[in-house]
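Trainee: everything below, folded, please.
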Amino acid sequence: TLSLHDALPISDGDGYRFLHERGVSSLVELMLAENEVQIERSAAAARAVCDVDANHSMLLSEGALSVLVSLLRSPAVSVQEHAASALQRLAESENMRSHILEADAMPGLVSLMRSPSGAAQEAAVAALFTLSFDRAGVDKMVEFAGMSGLVALVGAASEAVQTMACGILRNLVSFDTVQVEVVEAGALAAMVGVLTGANRAAQEHVLAAIRQLSANGDLKARLVQEGVLRPMFSMLAASERELQEPSAVSIRNLSGLAKNRDRIVQDGGLPYIIALLRNADRFLQEQAAVCIRNISVNEECEVRVVEEGALAPLVSLLRSPDMKIQEVSVGALRNLTLNPANKVAVVQEGALPALITLLSSTDEKIQEQAAVVIRNVTTNPQNEVQVVADGGLRPLITLLRSPNDKVVRQAVGALANLTVNSKHKVKFVQAGGLPPLVTLLSHGDDKIKEHAAGAIRNVSLNPEIESDIIKEGALPPLIALLEHRDPKVQLQATVALRNLSTSPDSKVVIAEEGALPPLAKLLKVSDGRLVESSAIVLRNLSVNSENKVKIMKTEAVKPLVDLLRPVGPAAEGKEELREQKLKMQEQAAGVLRNLTMHNDNKVKLGNANLVITGIKLLTSTSDPRILEQTSGCLRNMSTNTVIGNQIVKENGVEAMTALLKSDDSKVVEQATGTLRNLSAAKEHRQRIVQTGALPLLIDLLSSTDEKIQEQAGVALRNLSDTVK
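Mentor: Numbering: from 1, shown residues only. Just a heads-up that it's a prediction; the model follows:
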């Protein structure tokens, strides 16, 4: 038997080969012998011949595999070691792994992980490591409760065992369905222990495993709670890329969870991450930039990131030849520039030239992000000037024609900011900004419409540009936006029309384009700013005589009169609401004052309760602008005999007499003019005298305002027969 065993394998220089196929069956018989020496020597021989792939099929066909599996439970430790090593060598052939598992090797190998023999344990762990590359091996390992023993071996004293145990974990977590079970078995604490040790090979496996786990959204918080951050920060500073790369990717993944961002900063990660921004390796630069981008979403971290020195390397990376790095770097700056202090710091760091260059990138994502940063920083007036000085207008205008709505949205938003500056309005038009901007008023995206209307609103403040805007065809789409479902869009369009409705010609054109009906409807909405703006447009348009008649034919009259109702108790204690209501009243009264200048409108407005509502407002408000406009309405209407009688009946004489004492000369002028008109009718004179107006009118003859003197003098002349 011994001679057969000795003669069985021969060396051919590359490994062992059988002399003949009968040798396999003989070897199997020897492994089944009762003699322990024979079993050990035959197991060692089997271990040796397993090195050669050509022998595997013969071993399998002769039943050697099941015999090797049975030897895993041999009472002899050396036999266990030979059997486990033989199985490990067989498992290196992918087509043998399934056969090993079918032979039920997993229970024996899992059992040997706890062997007191270091050699047997190491051999078993090596076999399990090889088997763990296949999903079937992973499932079997989980089935036979190999997880707890494996986690224990992560802390093994033997570097070889520890390394392979960590390698098994690395393989296990490459399968998503096993990840939670690995974590629940306590693997994270063991992994952290490895990272703080000195076994570099094991650390590589652990970092690769954490990299896999960090991509699992359900485990991101758990990983940070278990303390993986600090040791991985140290790995970022390592010289070996094999340690840096998985650490950087893991931290990047973990920073995707909002609650982890604060911990990264609190645990001192920023200096390490920012240092990677300066690393020559582009992959590491990208990971670091993504981390900063994610962390900077948190408002509390925005300032810390800048304080730790991230701006300079981020700005430098804007010029990277790698477009992915450009994208994530400009994305980080996008988040950072939401902070007012950072808006200035980014520009001072010299970012604008690079950002403006990126507006012309061939990558639409980069275009979008660069436009966002410029949009963010241009809420600062000084930055507005710098962007235009550095040539930012033309590339932004070019982006208005982009087929990508996201790009257009940010570009037009940036231009809306830039055109706030009075000096930039003309430059914007000269750069060809009006045609694409007017086109965007009819865009399908609501935000684009809002920003486009906002930019038109800004440039229309310049009277010299008004005619260009109208010639470019802006009125029809602006008027159409008055009926948009979004109040923000409506407001921008309304204010733009307010600016455009100041010249005599534009008043006619705006009305002819159909603006009056939608403006009248807006007087009824709940948004106070929108009501106020609509009333201002109508006030401007109602200066035109023809428009006075046209407005009366719309739905505007009733809501205008309703706006004159005294501010109710709902506004008490709410100063902002009260101020808004007063603004609406002033503008509504201004429109009505213009309308009452047309003779055909006086009685109609009287029938619409303007007299009663107006007099009540005069006795309930102290706002001089409202008093002026409202008393102006009554003054205009009081030239009509019927309305004059109504004014007197509703105690209008008393209200006007009280206004003669106002400190505001414009209010006094309107009140004096009203009394002048009313005093023309004999039946009203006695009432005027009885209210105590006479001495006040006499005093007004000494007014420094010639108009007041004139009105008071005529009123006194009319009242003279009553005084006699």
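Trainee: how deep is the nearest residue to residue 178 once chain neighbours are set aside tucked in, by neighbour count?
Mentor: In space, and not counting its chain neighbours, residue 178 is closest to residue 172: 5.1 Å by Cβ to Cβ, 6 or more residues apart in numbering. Every residue, glycine included, has its C-beta placed from N, CA and C. The number of residues packed near residue 172 is 24, by other Cβ atoms under 10 Å.
Trainee: contact partners for residue 172?
Mentor: 132, 138, 141, 178, 182, 209 (Cβ atoms under 8 Å, 6 or more residues apart in numbering).
Trainee: show me where the protein has strands.
Mentor: For the chain, strands defined by DSSP state E occupy the ranges 9-11, 16-18.
Trainee: between the contacts of residue 172, which has the most around it?
Mentor: Comparing these by number of neighbours (other Cβ under 10 Å), residue 209 comes first, having 28 neighbours.
Trainee: gap between that one and residue 170?
Mentor: Counting by Cβ to Cβ, to the nearest Å, the separation of residue 209 from residue 170 is 4 Å.
Trainee: and the gap between the residue nearest to residue 178 and residue 209?
Mentor: Applying Cβ to Cβ to residue 172 and residue 209 gives a distance of 8 Å.
Trainee: which residues sit against stretch 421-429?
Mentor: With contact meaning Cβ under 8 Å, 6+ apart, stretch 421-429 is reached by 381, 384-385, 388, 393, 397, 415, 418-419, 434, 455, 458-459, 461-462, 464-465, 468.
Trainee: only the buried subset of those, as a ChimeraX command please.
Mentor: The following ChimeraX line selects those of the contacts of stretch 421-429 that are buried, judged by 16 or more other Cβ atoms under 10 Å:
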select :384,388,393,397,415,418,419,434,455,458,459,461,462,465
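Trainee: out of the contacts of stretch 421-429, which are inside helices?
Mentor: Among those, the members falling in helices are 381, 384-385, 388, 393, 397, 415, 418, 434, 455, 458-459, 464-465, 468 (criterion: DSSP state H).
Trainee: where's residue 30 relative to residue 60, distance?
Mentor: When distance is defined by Cβ to Cβ, residue 30 is 18 Å away from residue 60.
Trainee: please apply the same query to residue 359.
Mentor: The value you get for residue 359 to residue 60, if Cβ to Cβ is used, is 66 Å.
Trainee: who's more crowded, these two?
Mentor: Neighbour count, other Cβ under 10 Å: between residue 359 and residue 60, residue 359 has more, with 24 against 18.
Trainee: the closest residue to that one other than its chain neighbours - how many residues pack around it?
Mentor: Computed as Cβ to Cβ, 6+ apart, the closest residue to residue 359 that is not its neighbour in sequence is residue 395, at 3.9 Å. Neighbour count of residue 395, defined by other Cβ under 10 Å: 20.
Trainee: what sits against residue 395?
Mentor: So residue 395 contacts 356, 359, 360 (Cβ under 8 Å, 6+ apart).
Trainee: which residues are in contact with the last one?
Mentor: Read that as residue 360. 367, 395, 398.
Trainee: and for the last one, the neighbour number?
Mentor: A total of 16 residues lie near residue 398 under the criterion other Cβ under 10 Å.
Trainee: what do you get for residue 184?
Mentor: 11.
Trainee: distance-wise, check it relative to residue 47.
Mentor: Taking Cβ to Cβ, one finds residue 184 at 36 Å from residue 47.
Trainee: and if you look at residue 279?
Mentor: For residue 279, the distance to residue 47 - Cβ to Cβ - is 46 Å.
Trainee: neighbour count winner among those two?
Mentor: Counting neighbours by other Cβ under 10 Å for residue 279 and for residue 47 shows that residue 47 has the greater number, 22 against 17.
Trainee: is it correct that the more buried one is in contact with residue 89?
Mentor: Yes. With contact defined as Cβ atoms under 8 Å, residue 47 reaches residue 89; the gap is 7.1 Å.
Trainee: and for residue 364, nearest residue in space, chain neighbours not counted?
Mentor: Nearest one to residue 364, counting by Cβ to Cβ, 6+ apart, is residue 404 at 4.6 Å.
Trainee: now do that neighbour, the pLDDT please.
Mentor: For residue 404, the model assigns a pLDDT of 97.
Trainee: what's the burial count for it?
Mentor: 14.
Trainee: so it sits against residue 371, correct?
Mentor: No. Assessed by Cβ under 8 Å, residue 404 is found out of contact with residue 371, at 10.6 Å.
Trainee: my guess is residue 212 contacts residue 174, does it?
Mentor: Yes. Using Cβ under 8 Å, residue 212 is in contact with residue 174, at 5.7 Å.
Trainee: so those two - more neighbours on which side?
Mentor: Comparing residue 212 with residue 174 by other Cβ under 10 Å, the one with more neighbours is residue 212, at 23 against 17.
Trainee: measure residue 623 to residue 592 for me?
Mentor: Relative to residue 592, and taking Cβ to Cβ, residue 623 is found at 16 Å.
Trainee: give me the more crowded residue out of those two.
Mentor: When neighbours are counted by other Cβ under 10 Å, residue 623 and residue 592 differ, and residue 592 comes out ahead with 33 against 18.
Trainee: was I right to think residue 80 contacts residue 112?
Mentor: Yes. Judged on Cβ under 8 Å, residue 80 makes contact with residue 112 at a distance of 6.1 Å.
Trainee: hey, what's in contact with both of these two?
Mentor: Counting by Cβ under 8 Å, 6+ apart, the shared contacts of residue 80 and residue 112 are 72, 120, 123, 124.
Trainee: return the subset of the residues you listed lying in helices.
Mentor: Residues of these located in helices (DSSP H): 120, 123, 124.
Trainee: so what's the last one closest to, chain neighbours aside?
Mentor: Meaning residue 124. residue 112 (3.4 Å).
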